[in-house]
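# Next one to model:
(2 chains)
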There are 2 protein chains.
Amino acid sequence: MREVYVVGVGLHPFGRFGEKDVIEIGREAVVSALKDAGVEWKKVEAAYCGTVFAGPMAGNKVLARVGLTGIPIMNLENACASGGSALRAAYQAIAGGFSETALAFGFEKMPRGFIAGNPDDWFATLGLAVNPQYFALKARWHMANFGTTEDHLVKVSVKNHRNGALNPFAMYRREMSYDEIAGSHMVNDPLRLLMLCAPNEGGAAVVLATKEVARRLTTKLVRLAAVVLDSPLYGTVEVPHISVSARVEAPTVTMTASREAYEAAGVGPEDLDLVELQDTDSASEIIYTEELGLCERGEATRLLDEGATEITGRIPVNVSGGLLSKGEPLGASALAQVVEVAWQLRGEAGPRQVNDARAGLTHVYGAYGNCAVSILQR
Amino acid sequence: MREVYVVGVGLHPFGRFGEKDVIEIGREAVVSALKDAGVEWKKVEAAYCGTVFAGPMAGNKVLARVGLTGIPIMNLENACASGGSALRAAYQAIAGGFSETALAFGFEKMPRGFIAGNPDDWFATLGLAVNPQYFALKARWHMANFGTTEDHLVKVSVKNHRNGALNPFAMYRREMSYDEIAGSHMVNDPLRLLMLCAPNEGGAAVVLATKEVARRLTTKLVRLAAVVLDSPLYGTVEVPHISVSARVEAPTVTMTASREAYEAAGVGPEDLDLVELQDTDSASEIIYTEELGLCERGEATRLLDEGATEITGRIPVNVSGGLLSKGEPLGASALAQVVEVAWQLRGEAGPRQVNDARAGLTHVYGAYGNCAVSILQR
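Numbers count the residues shown, from 1 in each chain, chains lettered A, B, ... in the order given. Just a heads-up that it's a prediction; the model follows:
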């Protein structure tokens, strides 16, 4: 299998953009990534678009505005992992020898408020239709079993908003105080409004290429060492599956996907210099920090208390500001994580630069337990 | 690159199924293909779902009913080529060395009547929002340039309904007379109601595997020799792109995709024993017969008049009954073509069996010019 490199990255800012067309949001991200790569559009051999709400043929509509070059364009949807799915397809196109260059892009324009998705009627009947409710259940489980407190949930949000204040592409580009977060409206106990990410608008794009092409384009080589997409195993609680059994104890999907990614990349969590993970809410950051193997189960709050997950810490988590500060445009969020890690590995992250970053991991997780993990190295 | 084999195929009938859940339609197709393959569900390593209208995470919802095995599940959407996109992704997973077995499946439940899609407001302003209008324009173009007549349009529909009467999975399982078709309601001149396919409901699934796995499962080896997905080139008229230019003359997307497929499979149109192509309408069958290289431009009506495209003819086209008889559930239709060709190559097509079929081609074409072509061989 061939090595795959990230040769160009681009973002459309995350936030609220009024009447701006979602297709235009996607186009701007694509054009930005092509410019960053220094690749002519007609040299790109395949394109993979991730989006949930932009409607049929959204990727085709975006790329029709860039130019009709005849390439395969595939639209992928995997809830919060949609961008990760597009990245995986683009990765396989190059690693498998089907293309020399490929574009993965994603974008979204979501209504205000929490996602109104109603996966199946019986979930709604149980009062479980909306995302925060599942995440609140998981938060309560973690608090009950590992002594995690509301104080920790506040601290995660303080950290991520502090980081996001340094990110010009984030929706909330300001620090939020402990008291502001701790005093915000309770949404689903124990999760308060400012402990939850906001579905919003934005775009992200990544140009991938073979090593040969990458070497021609740049000296700052960033390798996409692994991209894994997994669905849940029976015996786990994943949004919105509740398939627990008295006799089955299975690893969560974040655990399986990250273990496969570590194996594929030939690195372990101890080799990572930064992690961008799915902080749908403050408790999720704590839970996934553990499930990604950055520490043992129940130890993430200690990392947080010690400052280990700060930009200057041992294992910085969500230096971009995470979803809590950036917001979450579903199709774009996984690819925006890749953009952030690529900038960090190229030393181009400005005031939020992690010192000498050499390896980073991205992680998204969403409805139906879709989970995508990638590992980038320089 | 590794060879890829079709080891199992399954259909949910095409038609109208009242209140039946679209997810259940998909599940039945998947279970049918797994049974045909003789493969345990937990041995399938990756899954690719094609659908347009079944909503977010549709593939995950289907497979949650089959069992939560943790595999990657990707939902793909490419208009009428959605199933072809799922097939391409599954093909690349195996050919590229990422999986030993993969499932491609697709399904749809569409409202009655023509597709109400409105790609962009200005198309609607021009009166071009609905599919039949584009296809009627193309039909008129062919009639004006190549002497194709309404008689030919009727004959295509007569043939396909005659074939479909032999197909237990088709929506219209009866022959339709020349007069019935020629006298049906005019929808978009020159296309009458019974010259147009009906968007409907149905499902299809295909299990792919490496040669090694295929040999363990069956002696009736059917090789998936090529799967190509293309989008349009600038300078062509494709639904809903009108990018003609006085200075550009480009091959249509059906021409580019089929040429790439022939090259990848190492066969030419003269080697084919049957073709399943996108007969969205009668004129489309004539136009794509030419664009697929089965004859020269302007010669398809002669093939039709001579009976060459009949089941017993030199190059049978749409022996399944095509979309005209089966109807078109978008996500399922490309995969149902693959199912038909696999049955034909295995000699299992019953009363519509093509004599000694050794190679077949499938072709779908839809909105934004998405076009998928596959070639199967035994």
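# Closest residue of chain A to chain B?
Residue nearest to chain B within chain A (Cβ to the nearest Cβ): A:G96, separated by 2.3 Å. Every residue, glycine included, has its C-beta placed from N, CA and C.
# who touches that residue in this structure?
A:M1, A:R2, B:M1, B:Q92, B:A95, B:G96, B:G97, B:F98 (Cβ atoms under 8 Å, 6 or more residues apart in numbering or on different chains).
# would you say the second one is within a helix?
What that stands for is A:R2. No: counting by DSSP: H, G, I helix; E, B strand; the rest coil, A:R2 is located in no helix; its state is coil.
# Can you list phi and psi of it for me?
Main-chain torsions, A:R2, degrees, to the nearest 10: phi -80, psi 150.
# pretty sure it contacts A:Y91?
No: assessed by Cβ atoms under 8 Å, A:R2 is found out of contact with A:Y91, at 10.2 Å.
# which of the two has more neighbours?
Between A:R2 and A:Y91, A:Y91 has the larger neighbour count (other Cβ atoms under 10 Å in any protein chain shown), namely 25 against 13.
# Taking helix B:82-95 as reference, get the angle to whichever strand or helix holds that one.
For A:Y91, the host element (DSSP states H and E) is helix A:82-95. Helix A:82-95 and helix B:82-95 are oriented at 50 degrees to each other (axes from the mean of the first three to the mean of the last three Cα atoms, to 10 degrees).
# what about the helix or strand following helix A:82-95 and chain B, touching?
Counting by DSSP H and E, the element after helix A:82-95 in chain order, helix or strand, is strand A:101-109. No: under the criterion of Cβ under 8 Å from any Cβ of the partner chain, chain B is not reached by strand A:101-109; the shortest gap measures 11.4 Å.
# tell me the mean pLDDT over strand A:101-109?
The pLDDT scores in strand A:101-109 average 98.
# Please apply the same query to stretch A:172-192.
Averaging pLDDT along stretch A:172-192 gives 96.
# roughly how far is it from the heart of the chain?
Remark: stretch A:172-192 is offset 21 Å from the chain centroid, using Cα atoms, centre = their mean, to the nearest Å.
# ok, and what's touching it?
A:114, A:132-133, A:135-136, A:139-140, A:143, A:150, A:153-155, A:157-158, A:161-162, A:164-165, A:167, A:193-196, A:281-283, A:321, A:325-327.
# which of those come close to chain B?
Of the contacts of stretch A:172-192, not one also sits near chain B (Cβ under 8 Å from any Cβ).
# What parts of the stretch 251-378 of chain A come near chain B?
Taking Cβ under 8 Å from any Cβ as the test, the list of the stretch 251-378 of chain A residues beside chain B reads A:V253, A:T256, A:A367, A:Y368, A:G369, A:N370.
# how many other residues sit next to the second one?
Neighbour count for A:T256, taken as other Cβ under 10 Å: 21.
# which SSE is it in?
Element membership for A:T256 (DSSP H and E) is helix A:253-265.
# as a whole number, average confidence for the following helix or strand past that helix?
Tracing the chain C-terminally past helix A:253-265 and defining elements by DSSP H and E, one meets strand A:274-276 next. When pLDDT is averaged along strand A:274-276, the result is 98.
# same deal with stretch A:159-169?
The average pLDDT within stretch A:159-169 is 98.
# distance between it and the chain's centre?
Centroid separation for stretch A:159-169 versus its chain: 15 Å, with Cα atoms, centre = their mean.
# Same check on stretch A:344-359?
Chain-centre distance of stretch A:344-359: 18 Å, with Cα atoms, centre = their mean.
# likewise stretch A:19-36?
Distance, stretch centre to chain centre, for stretch A:19-36: 18 Å (Cα atoms, centre = their mean).
# Can you report how many residues neighbour the closest residue to A:G10 other than its chain neighbours?
Sequence neighbours aside, A:S32 is the residue nearest to A:G10 in space, at 2.8 Å (criterion: Cβ to Cβ, 6 or more residues apart in numbering or on different chains). Here the number of neighbours of A:S32 (other Cβ under 10 Å) works out to 20.
# Please identify the helix or strand for A:S32.
helix A:22-37.
# Just checking: what are the partner strands of whichever helix or strand comes after that helix?
Next helix or strand after helix A:22-37 toward the C-terminus (DSSP H and E): strand A:47-50. In the sheet, strand A:47-50 lines up against strand A:73-77 (parallel), strand A:101-109 (parallel) (DSSP bridges).
# wait, doesn't A:A359 sit right on A:P269?
No: if you go by Cβ under 8 Å, A:A359 and A:P269 don't touch, sitting 10.0 Å apart.
# So between those two, which is more surrounded?
Ranked by neighbour count (other Cβ under 10 Å), A:A359 and A:P269 place A:A359 first, with 21 against 16.
# ok, the more buried one to B:I311 distance?
Relative to B:I311, A:A359 is positioned 60 Å away (Cβ to Cβ, to the nearest Å).
# Then A:I242?
Here A:I242 is placed at a distance of 51 Å from B:I311 (Cβ to Cβ).
# And A:I94, by the same measure?
Noted for A:I94: a distance of 42 Å to B:I311, by Cβ to Cβ.
# same check, this time on A:M186
Note on A:M186: its distance to B:I311, by Cβ to Cβ, is 68 Å.
# more crowded one of those two?
Legend: neighbour count by other Cβ under 10 Å for A:M186 and B:I311, higher for B:I311 (21 against 11).
# In which helix or strand does the more buried one reside?
Per DSSP H and E, there is no helix or strand for B:I311.
# for A:F14, same thing?
Here A:F14 is assigned to strand A:4-15, by DSSP H and E.
# now do A:S333
For A:S333, the host element (DSSP H and E) is helix A:330-345.
# Equivalent analysis for A:V206, please.
Per DSSP H and E, A:V206 falls inside strand A:201-210.
# Is that strand in proximity to chain B?
No: judged by Cβ under 8 Å from any Cβ, strand A:201-210 stays clear of chain B, getting no closer than 13.5 Å.
# what's that strand packed up against?
Strand A:201-210 sits against strand A:4-15, helix A:22-37, helix A:82-95, strand A:101-109, helix A:330-345, with contacts defined as 3 or more Cβ pairs under 8 Å, 6 or more residues apart in numbering or on different chains; DSSP states H and E.
# And the nearest residue to A:R314 once chain neighbours are set aside, how far from A:V354?
Of all residues not flanking A:R314 in the chain, A:A308 sits nearest, at 4.4 Å (Cβ to Cβ, 6+ apart). Here the criterion is Cβ to Cβ. By it, A:A308 lies 13 Å from A:V354.
# now swap in A:V364 and tell me
In this view, A:V364 and A:V354 are 20 Å apart by Cβ to Cβ.
# Mind checking the pLDDT average for the helix or strand where A:T362 lies?
Using DSSP H and E, A:T362 sits in strand A:359-365. Mean pLDDT, strand A:359-365: 98.
# thinking again about what came up before, could I get the helices and strands packed on strand A:201-210 in JSON lines, plus columns for distance to A:I287?
Listed next are those as JSON lines, based on distance: least, Cβ to Cβ, whole Å:
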{"stretch": "strand A:4-15", "distance to A:I287": "23"}
{"stretch": "helix A:22-37", "distance to A:I287": "29"}
{"stretch": "helix A:82-95", "distance to A:I287": "18"}
{"stretch": "strand A:101-109", "distance to A:I287": "24"}
{"stretch": "helix A:330-345", "distance to A:I287": "17"}
